[in-house]
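Participant: no sequence on this one, just coordinates:
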């Protein structure tokens with residue numbers, strides 16, 4: 001009796017004789033064909049299982065390699081991030097970075113010195129809440145212009161009470177769009 005899986009012959013069931021030495025009747029032959037079908041399904045399932053198992057091993061290897069590469073990239077990015085932060089911290093020029101909602105995401109040492117406000121106190125705060133002595137409409141219009149054009153803008157603004165000092169100062173702003 002042929003064992004056929006997916007229209008391919010994968011084996012045979014060879015029954016040569018019965019205990020009674022009589023020919024096989026139709027019911028017995030039908031039982032052999034049913035058995036052959038079940039064996040074919042089992043063989044096909046085994047082959048599919050082996051293929052899936054090999055695929056999983058290959059996939060696990062690729063995931064492991066990709067994870068290692070990602071870890072290296074993340075480590076490299078963190079090193080570059082620390083390097084950038086060290087550079088920004090070493091500058092005496094005041095630098096701050098805003099998110100799209102005008103919340104402060106970076107406030108370097110130069111800003112701490114210039115405004116007398118510690119980084120921890122201003123991070124996450126809205127810029128015009130922190131710099132209350134700045135005319136928000138002028139600076140906001142300029143920030144919007146930088147977002148729209150993608151170009152650097154220089155702006156001079158008069159500040160009162162910079163670093164607890166009551167005298168007026170002109171602060172020169174260079175506003176750049178950040179490329180992500």
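Facilitator: Nice, thanks for sending it over. Bear in mind that the values here come from a model prediction, so they are computed numbers and not experimental data.
Participant: from now on I want contacts and neighbour counts done on CA atoms only, so please keep to that.
Facilitator: Fine.
Participant: three-state assignment of residue 106?
Facilitator: Three-state call for residue 106 (DSSP: H, G, I helix; E, B strand; the rest coil): strand.
Participant: list the buried residues for the lowest-mean-pLDDT helix or strand in the chain?
Facilitator: Here the helix or strand of the chain ranked lowest by mean pLDDT, DSSP states H and E is strand 169-175, holding a mean of 76. Neighbour-count burial for strand 169-175, counted by 16 or more other CA atoms under 10 Å, picks out residue 175.
Participant: so for the helix or strand hosting residue 129, mean pLDDT?
Facilitator: Secondary structure from DSSP states H and E places residue 129 in helix 127-130. The predicted model gives helix 127-130 an average pLDDT of 84.
Participant: can you name the element that comes right after that helix?
Facilitator: Taking DSSP H and E, what comes next after helix 127-130 is helix 136-149.
Participant: surely residue 158 forms part of a helix?
Facilitator: No: assigned with three-state DSSP, residue 158 falls outside any helix and is strand.
Participant: nearest residue to the middle of this protein?
Facilitator: Centroid-nearest residue in the chain: residue 70, 10.0 Å away (criterion: CA atoms, centre = their mean).
Participant: which pLDDT value goes with it?
Facilitator: 97.
Participant: what angle separates the least confident helix or strand of the chain from helix 136-149?
Facilitator: 20 degrees (axes from the mean of the first three to the mean of the last three CA atoms, to 10 degrees).
Participant: helices or strands up against strand 169-175?
Facilitator: Using 3 or more CA pairs under 8 Å, 6 or more residues apart in numbering; DSSP states H and E, the elements in contact with strand 169-175 are strand 153-159.
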